[in-house]
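Trainee: Here's my sequence, what's the structure:
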Amino acid sequence: MPLVVPALTTTIATALLGSGMLGPAMPKLASGLSQGLTLWVKKLRVITVDAGAVGTGKGLFPFLIPQPILMGSLLVAYAANGHLGPMAPLEAVGLANGITVGLAQGFLNTTHPSVGVGAAVARISGPPAFSSIMQGLSSAGITGQGASAKANAISSALMVVLQTLVLPVPIVGAAGLSPSSGSGSGSII
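Mentor: Reported below is the predicted structural model:
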């Protein structure tokens, strides 16, 4: 199933509830973040380094972000952006849980023009998530300096994670008898 706003909203809201975020603004935060993250994911590009048998193949792999890395990055980014209240760590933990589980609903969809069967390692690149998250939060009615600081913190944490993230991608397709290597590309659906 591709990454869609309703499923991502439910996942983030459930994770926020699980971390003790019970306030009336929590559903708006989950909705705004879901809208923003869905917009941002569409801007990301996947680049792979491939090895296997010659041919043309496809890859499909869940968009897995390690929760401990995102949680650590969020805690640091929250502090750096002035989110220092007693609920800030709980919110960061809830967001880390919700974002990692929610983004795993999406898939890296890759094309491999020189490898038909084999394996690839994928890296993901793209713009910071700040403007997309701000757009999502604004559409959910969350605006102001606090929204900007929260969007900046989440965006910064996600960029740290993407800079360290390397994912394995299995390649399947028509293959010849010769070994081959190359590069592939794709997007997140």
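
Trainee: average model confidence for the one helix or strand residue 146 maps to?
Mentor: Residue 146 is part of helix 145-164, with elements assigned from DSSP states H and E. Mean pLDDT, taken over the full extent of helix 145-164, equals 96.

Trainee: what do you get for stretch 10-23?
Mentor: 95.

Trainee: what does stretch 95-115 give?
Mentor: Per-residue pLDDT values over stretch 95-115 give a mean of 97.

Trainee: quick revisit: could you list every helix and strand in contact with the helix holding residue 146?
Mentor: Taking 3 or more C-beta pairs under 8 Å, 6 or more residues apart in numbering; DSSP states H and E as the contact definition, the neighbouring helices and strands of helix 145-164 are helix 26-41, helix 67-80, helix 88-103, helix 130-139. To be clear about C-beta, it is placed using only N, CA and C from the backbone, and glycine gets the same treatment.

Trainee: what's the closest of these to residue 56?
Mentor: Proximity to residue 56, assessed across the helices and strands packed on helix 145-164 by C-beta to C-beta, is greatest for helix 26-41 (25.6 Å).

Trainee: in that closest one, what's buried?
Mentor: Buried residues in helix 26-41, defined by neighbour count with 16 or more other C-beta atoms under 10 Å: 26, 28-41.

Trainee: Excluding chain neighbours, give the residue nearest to the most centrally placed residue in the chain in space.
Mentor: Central residue of the chain (C-alpha atoms, centre = their mean): residue 103, 5.0 Å from the mean position. Nearest-residue entry for residue 103: residue 63, 4.9 Å, with adjacent residues in sequence omitted and distances by C-beta to C-beta, 6 or more residues apart in numbering.

Trainee: contacting residues around the one you found?
Mentor: Residues counted as contacts of residue 63 (C-beta atoms under 8 Å, 6 or more residues apart in numbering) are 3, 41, 103-108, 167, 188.

Trainee: Residue 163: how many residues sit nearby?
Mentor: Other residues near residue 163 come to 10 when the count uses other C-beta atoms under 10 Å.

Trainee: just residue 48 next, same as before
Mentor: Other residues near residue 48 come to 25 when the count uses other C-beta under 10 Å.

Trainee: can you tell me which of the helices and strands packed on helix 145-164 comes nearest to residue 19?
Mentor: The closest approach between residue 19 and any of those, judged by C-beta to C-beta, belongs to helix 88-103 at 3.2 Å.

Trainee: residues near the nearest residue to residue 52 once chain neighbours are set aside, how many?
Mentor: Nearest residue to residue 52 in three dimensions, chain neighbours excluded: residue 118, at 1.5 Å (C-beta to C-beta, 6+ apart). Residue 118 is flanked by 25 other residues according to other C-beta under 10 Å.

Trainee: Where does residue 118 fall, secondary structure wise?
Mentor: Here residue 118, judged by DSSP H and E, is contained in strand 115-125.
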